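Novice: Fold the following for me, if possible:
(one chain, ligands or ions: 1)
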Amino acid sequence: MTSFKTIEWKGRAVRLLDQTLLPGRVHYLTIRTEQEMWEAIRSLRVRGAPAIGVAAAYGMYLGTARQRPRTLAAVRAAGAEVADYLATSRPTAVNLFWALDRCRGVLDALPEGTGAAEALARLHAEAVEIHEDDVRRCDAIARHGAGLLRRARGVLTHCNAGALATAGVGTALGVIIAAAQRRKEGFIVYADETRPLLQGARLTAWELRQAGVAHRLITDSMAATVMQRGLVDAVVTGADRIAANGDSANKIGTMPLAICARHFGVPFYIAAPLSTVDFAIRSGADIPIEERAAEEVTHLGGQPIAPKGTEVFSPAFDVVPAKLIAAIITEAGVIRPPFRQGLQRARRRAG
Ligand code: MRU
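Specialist: Numbering: from 1, shown residues only. Here you go, the predicted structure:
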């Protein structure tokens with residue numbers, strides 16, 4: 001159990017922990033409209049693939065209900081319009097589209113003659129189910145993954161794939177914290193600061209402190225040295241979208257970790273729910289990569305760190321080739337290569 005709630009339904013609105021203010025301020029936002037939810041997702045107030053999916057589902061309900069549709073057809077039309085709008089907030093995390101599709105599917109499956117109030121209630125219930133489902137998936141991922149880290153003394157992670165990034169205990173960080181809690185001592189986490197937006201420094205270090213897990217913060221450029229010195233026995237990160245062949249998109253800076261890990265003989269693991277697997281995408285080459293504003297690179301904490309007008313290239317994610325991944329930890333178990341078959345089997349098992 002964490003001492004904070006990343007996302008919560010509060011009767012008529014969603015309560016979000018504003019992650020742009022952490023670690024300095026623990027401040028909760030009240031989200032009442034789809035526009036507010038779009039902005040919260042776009043600005044990374046709520047972030048991390050699973051949390052974005054949960055937020056989008058609630059956002060779809062809020063936006064649809066606000067239009068006060070009076071018939072099933074009107075609920076479906078409003079729902080589709082709001083879903084299309086929310087889908088433009090961020091392009092890479094597939095959980096966003098997965099959650100919106102699930103909500104749309106619920107409306108499409110309702111029998112003709114269903115009243116508008118009932119349809120809205122079903123839409124809301126689906127958002128709640130997506131939320132609760134993520135909690136269960138995270139618990140299962142943590143359980144499966146902690147077994148893999150039984151003998152690890154040091155683990156490296158990137159970005160934040162913890163409770164802040166999900167509705168539950170997290171994915172990669174959930175695994176790491178579960179492993180640390182089993183070990184009690186002799187276990188340390190190396191957390192990459194994660195340039196440019198510092199999710200590792202601001203969020204992962206904050207979560208690890210809350211959980212009482214020993215950790216050291218490093219700049220991204222120190223990770224190779226950490227591996228070369230034998231300080232970690234595994235690298236575990238989350239993912240924003242996993243292609244059918246196992247290629248995995250995650251926060252920019254993840255791919256260099258996987259390359260270094262292979263070089264130094266350290267296993268590189270991805271931890272993610274099956275809702276992050278995009279079975280429609282054959283390989284990582286087809287994963288849309290978000291590019292973000294130049295100011296996120298030219299400024300740090302609002303202060304310029306580069307000459308005015310400096311040109312910037314700012315992809316927010318990179319794609320780890322499947323051949324560099326030792327295993328993908330999902331709620332259906334630990335999947336080893338070849339991933340195409342393993343992921344398909346896991347999907348069948350999970351129903
Ligand atoms: O840009 P962000 O902060 O949303 O990126 C988040 C990540 O890259 C996470 O590692 C990923 O979404 C997995 S979260 C369980």
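Novice: give me the residue from this structure nearest the ligand.
Specialist: residue 238 (2.7 Å; Cβ to the nearest ligand atom). Quick note: C-beta positions are derived from backbone N, CA and C, even for glycine.
Novice: and residue 269, which of the three is it?
Specialist: State at residue 269, reduced to three classes by DSSP: H, G, I helix; E, B strand; the rest coil: strand.
Novice: For the closest residue to it other than its chain neighbours, give me its contacts.
Specialist: With sequence-adjacent residues excluded and distances taken as Cβ to Cβ, 6 or more residues apart in numbering, residue 269 is closest to residue 236, at 4.7 Å. Contacts of residue 236 were listed using Cβ atoms under 8 Å, 6 or more residues apart in numbering, and they are 145, 149, 155-157, 172, 175-176, 269-271, 329.
Novice: Where does residue 236 sit: helix, strand or coil?
Specialist: Three-state assignment for residue 236 (three-state DSSP): strand.
Novice: ok, so what distance separates it from residue 10?
Specialist: According to Cβ to Cβ, to the nearest Å, residue 236 stands 33 Å off from residue 10.
Novice: contact partners of stretch 194-207?
Specialist: Outside stretch 194-207, the residues touching it (Cβ under 8 Å, 6+ apart) are 2, 19, 22-23, 44, 47, 157-160, 162-165, 170, 173, 177, 191-193, 215, 217, 219-220, 251, 253, 292, 296-297, 300, 314.
Novice: Stretch 176-186 too?
Specialist: 142-143, 145-146, 149-150, 152-153, 155, 157, 162, 169-170, 187, 189, 207-208, 211, 213-214, 236.
Novice: So which of the residues you listed are in strands?
Specialist: 155, 157, 189, 236 (DSSP state E).
Novice: Might one say that the second one is in contact with residue 193?
Specialist: No - taking contacts as Cβ atoms under 8 Å, residue 157 lies outside contact range of residue 193: 11.5 Å.
Novice: the more surrounded of these two?
Specialist: Comparing residue 157 with residue 193 by neighbour count (other Cβ atoms under 10 Å), the higher total belongs to residue 157, at 30 against 22.
Novice: What is the burial count for residue 332?
Specialist: Quick note: residue 332 (other Cβ under 10 Å) scores 21 neighbours.
Novice: just residue 251 next, same as before
Specialist: Neighbour count for residue 251, taken as other Cβ under 10 Å: 27.
Novice: Contact partners for the residue lying closest to it once chain neighbours are set aside?
Specialist: Nearest non-adjacent residue to residue 251, counting by Cβ to Cβ, 6+ apart: residue 159, 3.6 Å away. The contact partners of residue 159, taken as Cβ under 8 Å, 6+ apart, are 192, 194, 199-200, 204, 237-238, 250-251, 253-254.
Novice: which one is residue 272 nearest to, not counting chain neighbours?
Specialist: Residue 272 sits nearest to residue 239 (Cβ to Cβ, 6+ apart), 4.2 Å away.
Novice: Correct me if wrong: the one you found contacts residue 273.
Specialist: No - checked against Cβ under 8 Å, the pair residue 239 and residue 273 is beyond contact range at 9.4 Å.
Novice: so what's in contact with the two at the same time?
Specialist: residue 171.
Novice: Would you mind naming what in the stretch 51-200 of the chain lies close to the ligand?
Specialist: 93, 159, 161, 165-166, 171, 199 (Cβ under 6 Å from any ligand atom).
Novice: do that again at 5 Å, thanks
Specialist: 159, 161, 165, 171, 199 (Cβ under 5 Å from any ligand atom).
Novice: Closest one of those residues to residue 82?
Specialist: When these are ranked by distance to residue 82 (Cβ to Cβ), residue 165 comes first, at 23.6 Å.
Novice: Output the below-cut-off pLDDT ranges for the stretch 1-150 of the chain.
Specialist: 1 (pLDDT under 70).
Novice: farthest-separated two in the residues of the stretch 51-200 of the chain next to the ligand?
Specialist: Top of the distance list for these (Cβ to Cβ): 171 and 199, 13.5 Å.
Novice: The two: which is more packed in?
Specialist: Ranked by neighbour count (other Cβ under 10 Å), residue 171 and residue 199 place residue 171 first, with 34 against 27.
Novice: so where do the helices sit in the stretch 101-250 of the chain?
Specialist: Ranges of helices in the stretch 101-250 of the chain, per DSSP state H, counting those that start in this stretch, are 116-148, 172-183, 199, 205-211, 223-228.
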